[in-house]
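*Asks:* Fold the following for me, if possible:
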Amino acid sequence: MREFSIKDGDDIIQWLTTLTQSHIVLGYGSLLSKDSRERYSNIFTQGIPVTVEGFERAWVTRSLSEKQTYVGATPHKRESLNAQLIPTTLNPTLQAREKDYRFVSVKSENVIFNNIDSQYQALLIEQLSPFSLWICETLDCHEPSQAYPVHQTYIDTCLAGCLEHGGVDEAKAFVANTKLWDHPRINDRAKPLYPRSARVSSDVHQIIDTLLQP
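*Replies:* Prediction:
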């Protein structure tokens with residue numbers, strides 16, 4: 001799919017009119033990374049930064065098979081999280097990737113387009129309304145533990161995707177809008193243990209390390 005240079009509301013409207021998929025996933029974890037979603041889920045579509053209202057993101061998704069903990073979203077009326085609009089089919093590859101979650105529908109009015117003039121918001125929501133919007137809700141919440149830690153390459157994958165699509169502000173929003181950062185963490189950059197890790201440069205590693213400083 002052709003990628004657009006997204007600078008304002010008109011660009012997003014043009015982008016929406018080109019979509020052939022009826023489904024849009026609101027990616028808020030590793031799907032934020034273009035490299036990760038292309039190489040491991042065959043999703044070759046552009047991501048558009050948005051904020052999703054009514055959901056809280058936290059380190060609560062335990063993968064029994066991968067022995068790791070990932071971010072997950074749960075309904076919460078007073079919370080929000082930053083994400084990306086990712087047009088795709090709900091194909092078996094994606095469903096296997098998200099096996100520890102369930103896809104739940106999201107209303108278009110719960111989506112705010114980031115860094116877009118407020119005058120466009122109502123029009124953009126109207127343009128978005130014909131699509132089916134989905135977010136991955138965690139099925140069974142567990143905080144990270146020594147047996148199910150968080151791996152640095154997973155964090156890198158998420159934050160590299162934020163930096164790529166929305167810059168430092170988007171990455172800062174990920175950190176600020178994610179609960180339970182005080183967790184066991186393994187630095188696996190030398191030998192990635194997260195199975196869908198993005199290729200992240202040393203320069204980006206430095207930015208991420210700065211963002212994660214207390």
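*Asks:* Quick check: mean pLDDT of stretch 72-84?
*Replies:* For stretch 72-84, mean pLDDT is 97.
*Asks:* quick one: secondary structure of Glu79?
*Replies:* strand (DSSP: H, G, I helix; E, B strand; the rest coil).
*Asks:* Tell me how many other residues surround it.
*Replies:* 17 (other Cβ atoms under 10 Å). Where you see a C-beta, it was placed from the backbone N, CA and C, and this is true even at glycine.
*Asks:* Quick check: mean pLDDT of stretch 40-56?
*Replies:* Rounded mean pLDDT across stretch 40-56 is 94.
*Asks:* same question, stretch 159-168
*Replies:* Rounded mean pLDDT across stretch 159-168 is 95.
*Asks:* hmm, who's touching that stretch?
*Replies:* 27, 30-36, 47-49, 82, 84, 114-115, 170-171, 173-175, 198, 200, 204, 207-208, 211 (Cβ atoms under 8 Å, 6 or more residues apart in numbering).
*Asks:* Show me what counts as buried in it.
*Replies:* 159-166 (16 or more other Cβ atoms under 10 Å).
*Asks:* if you look at these, which of them are in helices?
*Replies:* Secondary structure defined by DSSP state H assigns 159-166 of these to helices.
*Asks:* just the helices in the chain please.
*Replies:* 9-18, 34-41, 92-97, 121-128, 152-176, 202-211.
*Asks:* Sketch out the low-pLDDT regions of this protein for me.
*Replies:* 1-7 (pLDDT under 70).
*Asks:* Please name the residues that touch the residue most central in space within it.
*Replies:* Among the residues of the chain, the one closest to the centroid is Tyr28, at 2.0 Å (Cα atoms, centre = their mean). With contact taken as Cβ under 8 Å, 6+ apart, Tyr28 is in contact with 52, 57, 71, 73, 81-84, 135-136.
*Asks:* Show me what stretch 55-62 is in contact with.
*Replies:* Contacts of stretch 55-62 (Cβ under 8 Å, 6+ apart): 28-29, 68-76, 79-81, 100-101, 106, 135, 137-138, 140-144, 148, 150, 177-181, 183.
*Asks:* Same check on stretch 37-50?
*Replies:* In contact with stretch 37-50 (Cβ under 8 Å, 6+ apart) are residues 1, 3-4, 6, 12, 15, 21, 26-27, 30-32, 34, 82-88, 91, 93-94, 97, 111-115, 161, 165-166, 170, 195-196.
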